[in-house]
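Participant: coords below, sequence missing:
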């Protein structure tokens with residue numbers, strides 16, 4: 001929700017403050033730059049101080065940053081708030097993937113990752129319903145304050161409920177044995193200089209580098225696309241956005257379910273993960289037609305399919321990190337991979353801004369979106385043909 005507010009309010013804020021497309025892209029890039037810089041250290045930090053404490057600090061920092069948007073009044077000030085938000089949010093996926101690695105055996109991780117990853121889409125579903133109502137009733141500043149404050153509630157629940165399985169009073173001996181059924185691994189912190197030499201780390205990293213920017217486009221430009229191409233206002237885009245991000249939420253769980261289901265049926269780890277990745281990559285390709293079709297609900301359906309396929313892809317890519325690396329290195333690998341995705345997202349965001357400023361067309365944007373996943377999968381196959389464990 002905290003990420004989505006700026007995209008939903010883009011037409012409103014653009015009218016009030018006179019932003020150009022390039023100015024808005026600079027605000028988006030500020031978030032991505034900070035997100036990438038944060039990932040240089042946040043994965044290591046979480047590996048060192050633990051998931052419970054590390055995730056709490058990250059959410060506290062980004063929730064305060066989200067509320068700080070309400071004090072902004074210029075492109076620079078919004079960019080500063082987005083920068084701060086990006087630093088905090090850089091802890092989200094490294095901590096989440098590490099939590100899954102702590103609580104689930106390998107055969108359950110893809111589905112567990114799909115379920116938690118669907119939360120990003122639930123936020124994107126809820127935001128178009130809540131943000132316009134808050135904005136029209138209380139003003140746009142309260143939209144940032146209200147959504148940001150929800151993070152404080154989450155922190156209280158997280159600190160009260162989350163512990164590692166062996167320290168949790170809610171886990172029976174049988175459940176603990178199931179959680180720890182994979183072969184025991186050394187709990188050593190893996191330095192960056194070692195990770196950067198491992199082709200498995202680059203397989204996950206390049207997969208994120210090619211595809212993460214596409215999700216940023218769906219997140220930060222979709223309200224503008226609906227306004228520009230389909231002539232929808234803030235109220236009118238609520239239902240289409242609900243459908244799009246509902247599709248993303250379903251896709252996230254379905255992608256994880258497919259991979260874990262194939263694994264339970266006896267497929268190899270390599271075959272189950274890559275079959276799911278290939279189907280997701282193919283499902284994205286029809287998005288190339290979305291910018292030239294004028295039937296609103298056909299367009300919404302294509303975007304929803306692509307968003308769902310992206311999240312199914314994402315759930316499986318994240319799971320590759322825990323497939324190929326010990327738990328003690330998972331947050332670092334995810335941090336490295338998400339860093340590459342954030343930095344490539346900066347360039348794509350600037351490119352989208354220039355394309356829209358000069359042509360006003362989303363056609364090149366969606367052609368790029370439709371082809372990125374197949375390119376990424378080729379790199380995954382080349383660098384990790386059998387999803388072999390990294391030799392550290």
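Facilitator: Thanks, I have it. Small disclaimer: the values here were computed from a predicted structure and weren't measured.
Participant: and the nearest residue to residue 144 once chain neighbours are set aside, what does it touch?
Facilitator: In this structure, residue 144 finds its nearest non-sequential neighbour in residue 69, 4.0 Å apart by Cβ to Cβ, 6 or more residues apart in numbering. The way it works is simple: take the backbone N, C-alpha and C, and place the C-beta from them, glycine included. Remark: with contacts taken as Cβ atoms under 8 Å, 6 or more residues apart in numbering, residue 69 is in contact with 5-6, 78, 81-82, 85, 141, 144, 148.
Participant: Out of these, which is nearest to residue 334?
Facilitator: Distances from the contacts of residue 69 to residue 334 were compared by Cβ to Cβ; the smallest belongs to residue 85, at 19.1 Å.
Participant: Could you double-check that the closest one sits in contact with residue 65?
Facilitator: Yes. With contact defined as Cβ atoms under 8 Å, residue 85 and residue 65 form a contacting pair (4.2 Å).
Participant: These two - which one has more neighbours?
Facilitator: residue 85 (28 against 25; other Cβ atoms under 10 Å).
Participant: quick one, helices of the stretch 1-150 of the chain?
Facilitator: Ranges of helices within the stretch 1-150 of the chain are 4-8, 10-17, 21-39, 42-49, 51-68, 75-89, 92-103, 106-138, 140-161, based on DSSP state H, counting those that start in this stretch.
Participant: Nearest to residue 391, out of these?
Facilitator: Across the helices of the stretch 1-150 of the chain, residue 391 has its closest neighbour in helix 106-138 (17.9 Å, Cβ to Cβ).
Participant: Which positions in that closest one come out as buried?
Facilitator: Across helix 106-138, burial judged by 16 or more other Cβ atoms under 10 Å covers 106, 108-118, 120-121, 123-128, 130-132, 134-135.
Participant: what bits of the stretch 1-150 of the chain have low per-residue confidence?
Facilitator: Applying pLDDT under 70 to the stretch 1-150 of the chain flags no residue at all.
Participant: Can you tell me which of the helices of the stretch 1-150 of the chain is nearest to residue 382?
Facilitator: Where the helices of the stretch 1-150 of the chain are weighed against each other on Cβ to Cβ, the nearest is helix 106-138, at 21.6 Å.
Participant: what is the orientation angle of that closest one with helix 10-17?
Facilitator: Angle, helix 106-138 to helix 10-17, by axes from the mean of the first three to the mean of the last three Cα atoms, to 10 degrees: 40 degrees.
Participant: thinking again about what came up before, quick one: buried ones out of the contacts of residue 69?
Facilitator: The neighbour count (16+ other Cβ under 10 Å) marks 5-6, 78, 81-82, 85, 141, 144, 148 as buried among the contacts of residue 69.
Participant: For residue 371, state which of those is nearest.
Facilitator: Using Cβ to Cβ as the measure, the one of the buried ones among the contacts of residue 69 that approaches residue 371 most closely is residue 6, at 27.1 Å.
Participant: How much space separates that closest one from residue 259?
Facilitator: As judged by Cβ to Cβ, to the nearest Å, residue 6 and residue 259 stand 32 Å apart.
Participant: repeat for residue 54
Facilitator: 27 Å.
Participant: between the two, which one's more packed in?
Facilitator: When residue 54 and residue 259 are compared on other Cβ under 10 Å, the one with more neighbours turns out to be residue 259, at 31 against 21.
Participant: mind checking the SS state of the more buried one?
Facilitator: Secondary structure for residue 259, judged by DSSP: H, G, I helix; E, B strand; the rest coil, is helix.
Participant: how far away is it from residue 286?
Facilitator: From residue 259 across to residue 286, the span is 22 Å (Cβ to Cβ).
Participant: ok, back up a step: between the helices of the stretch 1-150 of the chain, which gets nearest to residue 212?
Facilitator: Taking Cβ to Cβ as the criterion, helix 21-39 is the member of the helices of the stretch 1-150 of the chain that comes nearest to residue 212, at 9.2 Å.
Participant: ok, residues contacting the closest one?
Facilitator: By Cβ under 8 Å, 6+ apart, the list of residues contacting helix 21-39 from outside reads 3, 6, 10, 14, 19, 75, 78-80, 82-91, 94, 216, 220, 335-336, 338-339, 342-343, 345-346, 349-350, 352-354, 356-357.
Participant: Now the helix or strand containing residue 216: buried residues?
Facilitator: Residue 216 is part of helix 199-230 when elements are defined by DSSP states H and E. Residues of helix 199-230 classed as buried: 200-230 (neighbour count, 16+ other Cβ under 10 Å).
Participant: ok, now stretch 166-184?
Facilitator: Buried residues in stretch 166-184, counted by 16+ other Cβ under 10 Å: 171, 179.
Participant: same thing with stretch 339-358?
Facilitator: By 16+ other Cβ under 10 Å, the buried positions in stretch 339-358 come out as 339-346, 348-353, 355-356.
Participant: same question, stretch 61-71
Facilitator: Under the neighbour-count criterion of 16+ other Cβ under 10 Å, stretch 61-71 has 61-70 buried.
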